[in-house]
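Participant: Take a look and give me a structure for this.
(one chain, ligands or ions: 1)
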Amino acid sequence: MDIVVSGIRSTGKLHLGNYFGALKNFVKMQHENKCYFFIADYHSLTTHPTPDDLHGSVKQVLAEYIACGLDPEVATLYVQSDVPEIPELYLLLNMNAYLGELERCTSFKDKIRSNPNNVNAGLLTYPTLMAADIIIHKAHKVPVGKDQEQHLEMTRTFANRFNRLYNVDLFPEPAAYNFGEQLVKIPGLDGSGKMGKSEGNAIYLSDNPATIRKKVMRAVSDSGPTEPNQPKPEPIQNLFTIMNVVSSDETHQFYSDKYNDCEIRYGDMKKQLAEDIITFTEPIRERIEAILADNEYLKKVAKHGAEKARESASKTVKEVREIIGFRPF
Ligand code: TRP
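Facilitator: Numbering: from 1, shown residues only. Predicted structure coming up:
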């Protein structure tokens, strides 16, 4: 059974794109592998050193993932900052991480360009913290998107370097967990591109019905087809793509036929789409709220997760310390 590690951004409220993308796969993956899922709250400080409500964000994200089907009894679900072995391994890895390679990292270069007033050491060493997250459980697989591939490559570099420098075979080389065909891409409501938090085009699982209706009615469309059976322009195709995952086949077919007959009224289609999104997200939103209201439960989940994560993490750190040469008297 493969060991899988994945970090979740602590600022990321879940939207429909996450739900039909990575999350659905996480839920499946947890039964087929030994999974460690954690909320990367330390990482968030690299760009937001004085967060408004760090604890609130972590709680929200934890509740949302559980509401969507991550099972704390099946996977190990924890908060990064609850596992002190991670920063310890991070410190040790930093001793063998070189300034040049850290400075060349694309995400670092992007961040210093977008925020030149906060080029801190945590930002520079973001990849070593991420490597520590991953190799602390001796992971084989890491589900990553395109934007994280370089970080994973650096993790392999740090893991291999450790093995080589100390002449051991401690860390396996973590590979990308490829969802392949199963990864459904959900577009945003602004006409082009995928749904994303930073794009400002997302529908969140925690959005209430009024918000969802407002967002969908404002989605980009056009004045409609002028000839039958034409290919759909991107903004229109996007509405159909979302409809495809939340509405019934009949509904999707109905509007597709209307489009092909040049009889489509986007106002009607959007109203239907909004109601179908609401029907789909309502039970999830209710679960999120129920979980958030039960602090005792969340506390138990976080404690149980931290215990399981530390069991594995402390074993690795003990080995690392011995290998480097830290010994008890
Ligand atoms: N860098 C990842 C992101 O921005 C989050 C992350 C932190 C992560 N540590 C990780 C992902 C370890 C996978 C494994 O999305």
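
Participant: could you list every residue that touches residue 260?
Facilitator: For residue 260, the contacting residues are 225, 228, 229, by C-beta atoms under 8 Å, 6 or more residues apart in numbering. All C-beta spots, glycine's among them, are computed from the backbone N, C-alpha and C.

Participant: Helix, strand, or coil at the first one?
Facilitator: Taking DSSP: H, G, I helix; E, B strand; the rest coil as the rule, one finds residue 225 in the coil state.

Participant: So which of the contacts of residue 260 is surrounded by the most neighbours?
Facilitator: Neighbours here mean other C-beta atoms under 10 Å. Within those, the largest count is held by residue 225, at 19 neighbours.

Participant: if you skip the residues just before and after it, what's nearest to that residue?
Facilitator: The shortest distance from residue 225 to any residue that is not its chain neighbour, by C-beta to C-beta, 6 or more residues apart in numbering, is 5.0 Å, and that residue is residue 262.

Participant: Then residue 202?
Facilitator: Nearest-residue entry for residue 202: residue 15, 3.8 Å, with adjacent residues in sequence omitted and distances by C-beta to C-beta, 6+ apart.

Participant: Can you pull the residues of the chain lying near the ligand?
Facilitator: Proximity of the chain to the ligand (C-beta under 6 Å from any ligand atom) is limited to residues 5-7, 9, 40, 43, 130, 133-134, 142, 144, 148, 151.

Participant: Filter the residues you listed down to just the buried residues.
Facilitator: The neighbour count (16 or more other C-beta atoms under 10 Å) marks 5, 6, 7, 40, 43, 130, 133, 134, 142, 144, 148, 151 as buried among these.

Participant: For the ligand, what is the nearest residue in the protein?
Facilitator: For the chain and the ligand, the shortest gap (C-beta to the nearest ligand atom) falls at residue 7, measuring 2.5 Å.

Participant: quick one: contacts for that residue?
Facilitator: With C-beta under 8 Å, 6+ apart as the criterion, the residues that contact residue 7 are 38, 39, 40, 43, 80, 130, 133.

Participant: Export the contacts of residue 260 to JSON lines and append columns for distance to residue 30 and pLDDT.
Facilitator: Supplementary listing: the contacts of residue 260 in JSON lines, determined by distance: C-beta to C-beta, whole Å; pLDDT from 0 to 100:
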{"residue": "225", "distance to residue 30": "44", "pLDDT": "94"}
{"residue": "228", "distance to residue 30": "46", "pLDDT": "94"}
{"residue": "229", "distance to residue 30": "43", "pLDDT": "94"}
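
Participant: Turn the residues you listed into a markdown table, columns for distance to residue 175.
Facilitator: Formatted as a markdown table, those follow (distance: C-beta to C-beta, whole Å):
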| residue | distance to residue 175 |
| --- | --- |
| 225 | 45 |
| 228 | 48 |
| 229 | 44 |
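
Participant: Give me the neighbour count for residue 246.
Facilitator: Neighbour count for residue 246, taken as other C-beta under 10 Å: 21.

Participant: close enough to count as contact, it and residue 278?
Facilitator: No: counting by C-beta atoms under 8 Å, residue 278 is not a contact partner of residue 246; they are 9.1 Å apart.

Participant: Report the buried residues of stretch 213-232.
Facilitator: Applying a neighbour-count criterion of 16+ other C-beta under 10 Å, one finds 213, 215, 216, 219, 220, 221, 225, 232 buried in stretch 213-232.

Participant: which pair in these spans the largest distance?
Facilitator: Pairwise distances among the buried residues of stretch 213-232 were taken by C-beta to C-beta; the largest, 25.0 Å, belongs to 213 and 225.

Participant: Could you point out which residue ranges in the stretch 151-300 of the chain have low pLDDT?
Facilitator: 181-182 (pLDDT under 70).

Participant: got a list of contacts for stretch 178-193?
Facilitator: 16-17, 19-22, 24-25, 143, 194-196, 199-203, 215-216, 218-220, 234-235, 237-238, 241-242, 245.

Participant: Only the buried residues of the helix or strand where residue 288 lies, if you could.
Facilitator: Using DSSP states H and E, the secondary-structure element containing residue 288 is helix 266-293. Along helix 266-293, these residues count as buried under the neighbour rule (16+ other C-beta under 10 Å): 266, 269-270, 272-278, 280-281, 284-285, 287-288, 291-292.
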